[in-house]
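*Asks:* Prediction below, plus the sequence it came from.
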Amino acid sequence: MTLASRIQQQFTDSAQAKQQALAAMAGPIETAVRAMVTSLKAGGKVMACGNGGSAADSQHFAAELLNRFEKERPPLAGIALTTDTSTLTSIANDYRYEDVFAKQVRALGRKGDVLLAISTSGNSPNVIEAMHQAHALGITVVALTGKQGGKMTALLAPGDIHLCVPAERTARIQEVHLLTIHCLCDGIDALILGETT
């Protein structure tokens with residue numbers, strides 16, 4: 001296989017993964033948008049967490065809420081739990097790495113908030129601990145996963161929302177995660193600005 005054909009295959013595989021995800025994810029994404037808007041309009045916040053590429057996705061999402069996505073609007077309360085290195089390293093050093101997000105949820109989260117819990121495998125221990133803490137506080141969890149959702153699937157509570165990419169390859173899951181984040185941001189803006197119902 002030539003390098004050019006490998007590149008073409010990456011584009012083709014990505015497009016196919018997105019098309020396959022559409023049928024499975026469009027409805028849950030709408031539900032997630034509405035849950036987030038309900039929280040934001042009531043003075044709540046959306047917290048996001050994940051590891052590696054999912055940490056970057058958390059930061060991307062929070063930045064789009066706090067600053068803006070594609071249109072001018074007032075800033076919205078989005079927090080990435082992945083960005084404060086002093087907090088992350090002190091919790092990991094003094095307690096466990098599994099606690100780095102859960103302790104932040106416990107300190108910052110309030111009933112009515114939303115936690116966007118991102119894990120391509122659905123098995124990230126620190127994201128799972130954050131889910132447990134969110135449930136203890138009455139916070140809705142939006143789980144953004146792939147690979148059948150992993151361990152996170154069984155931990156979803158009534159009222160939680162599962163956005164599971166029907167793919168196995170991490171790169172394809174991450175690409176659909178980014179599209180999903182953009183759909184969430186666009187939907188939030190459309191509802192907040194009264195452009196849709």
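*Replies:* Here it is on my side, so go on.
*Asks:* can you map out the helices along this structure?
*Replies:* Secondary structure of the chain by DSSP state H: the helices cover 3-41, 53-66, 85-94, 102-108, 125-137, 152-155, 170-192.
*Asks:* Figure out which of those is closest to Ile161.
*Replies:* Closest approach to Ile161 among these (Cβ to Cβ): helix 3-41, 4.7 Å. Every C-beta, even on glycine, is put in place using the N, C-alpha and C of the backbone.
*Asks:* Tell me what angle that closest one forms with helix 170-192.
*Replies:* 40 degrees (axes from the mean of the first three to the mean of the last three Cα atoms, to 10 degrees).
*Asks:* Going by neighbour count, which residues in helix 3-41 are buried?
*Replies:* For helix 3-41, a neighbour-count test (16 or more other Cβ atoms under 10 Å) marks 14, 17-18, 21, 25, 28-29, 32-33, 35-37, 39-40 as buried.
*Asks:* Likewise for stretch 154-165?
*Replies:* Neighbour counts using 16+ other Cβ under 10 Å place 155-156, 160-165 of stretch 154-165 among the buried residues.
*Asks:* any chance of those residues in a markdown table, plus pLDDT?
*Replies:* Below are the buried residues of stretch 154-165 laid out as a markdown table (pLDDT from 0 to 100):
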| residue | pLDDT |
| --- | --- |
| Leu155 | 98 |
| Leu156 | 98 |
| Asp160 | 98 |
| Ile161 | 98 |
| His162 | 98 |
| Leu163 | 98 |
| Cys164 | 98 |
| Val165 | 98 |
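*Asks:* Which two among these are spaced furthest apart?
*Replies:* Once Cβ to Cβ is applied, the buried residues of stretch 154-165 give Leu155 and Val165 as the farthest pair, at 17.8 Å.
*Asks:* Compute the inter-axis angle for the longest strand anywhere in the chain and helix 170-192.
*Replies:* With DSSP state E setting the assignment, residue counts place strand 140-146 as the longest strand in the chain. Angle, strand 140-146 to helix 170-192, by the same axes, to 10 degrees: 150 degrees.
*Asks:* contacting residues for the most centrally placed residue in the chain?
*Replies:* The centroid of the chain falls nearest to Leu116 when counting by Cα atoms, centre = their mean (3.9 Å). Taking Cβ atoms under 8 Å, 6 or more residues apart in numbering, we find Leu116 in contact with 46-49, 58, 61, 142, 144, 184.
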